[in-house]
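# give me coordinates for this.
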Amino acid sequence: MLVIDQLSAISNQGKIGHFFDRIKSVDEKLNSENIHINNITIKSRISIMVMIAVGAELTIMLSTFFCLVDSTKWYSFLWIMSCIPTLFSVFDKIWFATLLYCLKQRFKAINNCLDDLVENHYKIQQLNASKIKTDLVGSQSQGSILDIHSGNPFRSVEKKKLFSGKNRVAISNSGNSFRYNNNNKANKMVKIDNILNITSELSNTSKMDDKLSNFCQLHDEICELGKWLNELWSYPVLVLMAYGFLIFTAQLYFLYCGTQGQHIPSLFRSAKNAWITTIYLFYTSGKCIYLIYLSWKTSLESKRTGICLHKCGVAADNNAFYEIVNHLSLKLLNHSVDFSACGFFTLDMETLYGVSGGITSYLIILIQFNLAAQQAKEAGTSANYNNETSTVMFEEIRNISQQGLSKIGMLVASKNLAYMTTDSPF
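Now for the predicted structure:
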């Protein structure tokens with residue numbers, strides 16, 4: 001991992017500077033559209049990721065050194081150097097994650113601006129509708145009072161009974177009732193016209209055409225930056241994913257071997273301790289999962305812009321605006337960006353699910369092979385024990401038989417000697 005990261009960094013030195021220049025150009029164009037990006041959050045995220053990486057590496061290294069390594073030997077201090085490659089690799093991936101978050105933040109800013117346009121449009125429509133309703137209700141109440149001077153004398157008599165004092169004087173001094181009604185209608189129309197002059201930006205088709213075209217151009221530039229970023233870190237990300245898959249599977253397998261009292265290689269000696277293994281696995285999987293999740297969210301934000309654009313068209317409800325939205329949405333179909341590891345697999349949640357299933361499958365296979373090997377070893381041990389037992393029994397029987405034959409020979413010889421010493425005619 002360290003070698004791949006360093007070679008990639010050397011080959012991409014000039015491109016990184018140009019990448020930041022293009023991000024600065026995009027920010028200037030966003031500022032011209034009154035979209036401001038807060039980079040303070042990016043700085044805090046970098047600080048948090050660096051502290052987590054350093055803390056996790058030191059915890060794993062020191063706990064392994066003091067708990068699992070023989071610190072009395074001088075070459076044991078070489079174990080301290082083991083965290084340097086992974087630490088530098090994590091710093092390289094922090095650069096990638098930070099730049100990826102920058103692109104996601106700019107996609108989200110454009111989408112939020114489009115959502116705000118739609119929300120403001122609906123709010124202004126509701127405000128105009130409520131004001132028009134209030135004005136109409138007020139005009140109807142005034143019209144009921146003015147019906148006293150209408151053409152029906154019976155209704156006027158009935159209405160006069162309902163009013164007294166100032167109201168009756170005001171009605172009697174109104175003069176020509178028809179001219180008063182006409183003036184009231186004219187005032188009402190002026191008020192409605194003033195209300196309807198409060199319009200949203202979506203009502204101005206020519207202005208929104210330029211604004212949405214600028215948004216689509218910015219979206220295209222950010223997507224190009226995303227593709228460029230994927231090319232710069234494609235090999236390091238591929239090696240990191242392979243490393244995470246290997247380490248996660250091997251660490252869990254050797255943890256199982258440690259529980260069975262089996263031999264564990266020195267490279268995976270951290271599997272002897274369950275707590276160190278847990279920290280190590282959380283740290284390693286966190287690096288891989290965070291990059292996959294951030295790549296997936298950035299890709300979703302890039303694809304959500306087309307949805308937000310069509311929301312603007314639905315809110316405006318204008319044929320000319322619909323034509324603009326349809327034209328720009330065709331452009332956005334070619335602007336989507338997906339992040340992959342050298343084209344082998346896409347960095348999304350589906351890949352994470354597949355990797356999890358692969359780790360589980362390989363782990364089960366390794367445990368099954370381990371169980372089969374242990375059973376074969378036990379069977380071989382029992383066979384050797386039986387062979388040794390039978391050999392010992394055979395030796396004992398042969399010794400006993402030899403001893404018996406020697407005793408029989410001695411007995412026969414003694415009898416022959418006794419027979420020879422006795423008185424005999426020969």
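
# find the residue at the geometric middle of this protein.
Y293 (1.9 Å; CA atoms, centre = their mean).

# my guess is that residue meets M349, correct?
Yes - judged on CB atoms under 8 Å, Y293 makes contact with M349 at a distance of 7.4 Å. From N, CA and C alone the C-beta is placed, and that goes for glycine too.

# which neighbours do those two share?
Common neighbours of Y293 and M349, counting by CB atoms under 8 Å, 6 or more residues apart in numbering, are absent.

# ok, back up a step: and the residue nearest to the centre of the chain, how close does it get to K104?
Using CB to CB, to the nearest Å, Y293 is found at 11 Å from K104.

# next: K24.
For K24, the distance to K104 - CB to CB - is 17 Å.

# more crowded one of these two?
Comparing K24 with K104 by other CB atoms under 10 Å, the one with more neighbours is K104, at 20 against 9.

# quick check: closest non-adjacent residue to the more buried one.
Distances taken as CB to CB, 6 or more residues apart in numbering place T298 nearest to K104, at 4.1 Å, with adjacent residues excluded.

# show me what contacts the one you found?
If you count contacts by CB under 8 Å, 6+ apart, T298 has them with L100, Y101, L103, K104, F107, G226, V337, F339.

# L294 is in contact with the first one, correct?
To tie it back to what came earlier, the one meant is L100. Yes - using CB under 8 Å, L100 makes contact with L294 at a distance of 5.2 Å.

# quick one, which of the two is more surrounded?
Legend: neighbour count by other CB under 10 Å for L100 and L294, higher for L100 (22 against 19).

# chain center to the one helix or strand that one maps to: distance?
Using DSSP states H and E, L100 sits in helix 83-146. Distance of helix 83-146 from its chain centroid, counting by CA atoms, centre = their mean, to the nearest Å, is 23 Å.

# and what of stretch 26-33?
Centre-to-centre, stretch 26-33 and its host chain are 27 Å apart (CA atoms, centre = their mean).

# tell me which residues in it are buried?
Applying a neighbour-count criterion of 16 or more other CB atoms under 10 Å, the buried positions in stretch 26-33 are V26, D27, L30.

# CA atoms of it as PDB?
Output in PDB follows, covering the C-alpha atoms of stretch 26-33 (Å, rounded to 0.1, in the frame of the first residue of the first chain):
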ATOM      1  CA  VAL A  26     -16.100  26.600  -9.500                       C
ATOM      2  CA  ASP A  27     -16.400  28.400  -6.100                       C
ATOM      3  CA  GLU A  28     -16.200  31.800  -7.800                       C
ATOM      4  CA  LYS A  29     -19.000  30.900 -10.200                       C
ATOM      5  CA  LEU A  30     -21.100  29.700  -7.300                       C
ATOM      6  CA  ASN A  31     -20.500  32.900  -5.500                       C
ATOM      7  CA  SER A  32     -21.700  34.800  -8.500                       C
ATOM      8  CA  GLU A  33     -25.000  32.900  -8.200                       C
END
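
# what mean pLDDT does it get?
The average pLDDT for stretch 26-33 rounds to 89.

# same question, stretch 126-134
The model assigns stretch 126-134 a mean pLDDT of 75.

# how about stretch 59-74?
77.

# then stretch 235-242?
Stretch 235-242 comes out with an average pLDDT of 92.

# buried residues, it. List them.
Y235, P236, V237, L238, V239, L240, M241.

# so the last one versus L127, what's the distance?
Noted for M241: a distance of 52 Å to L127, by CB to CB.

# what helix or strand does C312 sit in?
C312 belongs to helix 274-316 when assigned by DSSP H and E.

# so how far is G343 from K131?
58 Å.

# ugh, wrong one, I meant Y280
Y280 is 30 Å from G343, by CB to CB.

# between the two, who's got more neighbours?
Neighbours per residue, other CB under 10 Å: of Y280 and G343, the larger number sits with Y280, 22 against 9.

# correct me, but that one touches F254?
No - using CB under 8 Å, Y280 is not in contact with F254; the gap is 11.2 Å.

# run a quick neighbour tally on the closest residue to Y362 other than its chain neighbours.
In this structure, Y362 finds its nearest non-sequential neighbour in T249, 5.1 Å apart by CB to CB, 6+ apart. T249 has 18 neighbours, counted by other CB under 10 Å.
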